[in-house]
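Novice: the sequence and its predicted three-dimensional model are supplied below.
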Amino acid sequence: MSEDNDFRRGMGFAFRVGTELVVSVFVGTTMGYALDWFFGTKPWFMVAGLILGGAAGSLMVYKVAMHLPSGEDEDGER
C-alpha cells in the first residue's frame, strides 16, 4: 500500500512541476506577444517573455524541489 501511495505522490509532484513550468512559459510568451501587438515591435517582447517565463518556471520548479523530503531516515538509511 505504501509503495502505491509513494507512486501517486511522485506522479502528483511530476504533474505539478510540469504544469508550473508550462504555464509560466505560456504566460510570459503571451504577455510578450501582447506587448509586441501594442507597441508594434514583433517579435522582441515575445522572445523576452519566453525567456523570462522559462526562468520563472525554472525558479518555481527549484523552489518546489527544495521542499521535497529526501526519503532518508535520520540515521541516513532508507
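Specialist: Sure thing, it's come through. Residues are numbered from 1 along each chain as shown.
Novice: which helix in the protein has the most residues?
Specialist: Using DSSP state H, we find that the single longest helix of the chain is helix 2-39.
Novice: who are the packing partners of that helix?
Specialist: If you count contacts as 3 or more C-beta pairs under 8 Å, 6 or more residues apart in numbering; DSSP states H and E, helix 2-39 packs onto helix 44-66. (C-beta placed from N, C-alpha, C; glycine too.)
Novice: show me the contacts for Arg9.
Specialist: Shown in contact with Arg9 (C-beta atoms under 8 Å, 6 or more residues apart in numbering): no residues.
Novice: still on that earlier bit, give the buried residues for the longest helix of the chain.
Specialist: Neighbour-count burial for helix 2-39, counted by 16 or more other C-beta atoms under 10 Å, picks out 17, 20-21, 24-25, 28-29, 31-33, 35-36.
Novice: any idea how far Val64 is from Ser58?
Specialist: Taking C-beta to C-beta, to the nearest Å as the measure, Ser58 falls 11 Å from Val64.
Novice: for Pro69, phi and psi?
Specialist: phi -70, psi 150 (degrees, to the nearest 10).
Novice: tell me the pLDDT of it.
Specialist: What the model reports as pLDDT for Pro69 is 76.
Novice: mind listing what it touches?
Specialist: So Pro69 contacts nothing (C-beta under 8 Å, 6+ apart).
Novice: if I look at it, how far off is Arg9?
Specialist: Distance check for Pro69 against Arg9: by C-beta to C-beta, it reads 10 Å.
Novice: and what of Glu20?
Specialist: Remark: distance between Glu20 and Arg9 (C-beta to C-beta) = 17 Å.
Novice: try Met31
Specialist: For Met31, the distance to Arg9 - C-beta to C-beta - is 33 Å.
Novice: show me where pLDDT drops low in the chain?
Specialist: For the chain, the stretches flagged by pLDDT under 70 are 1, 71-78.
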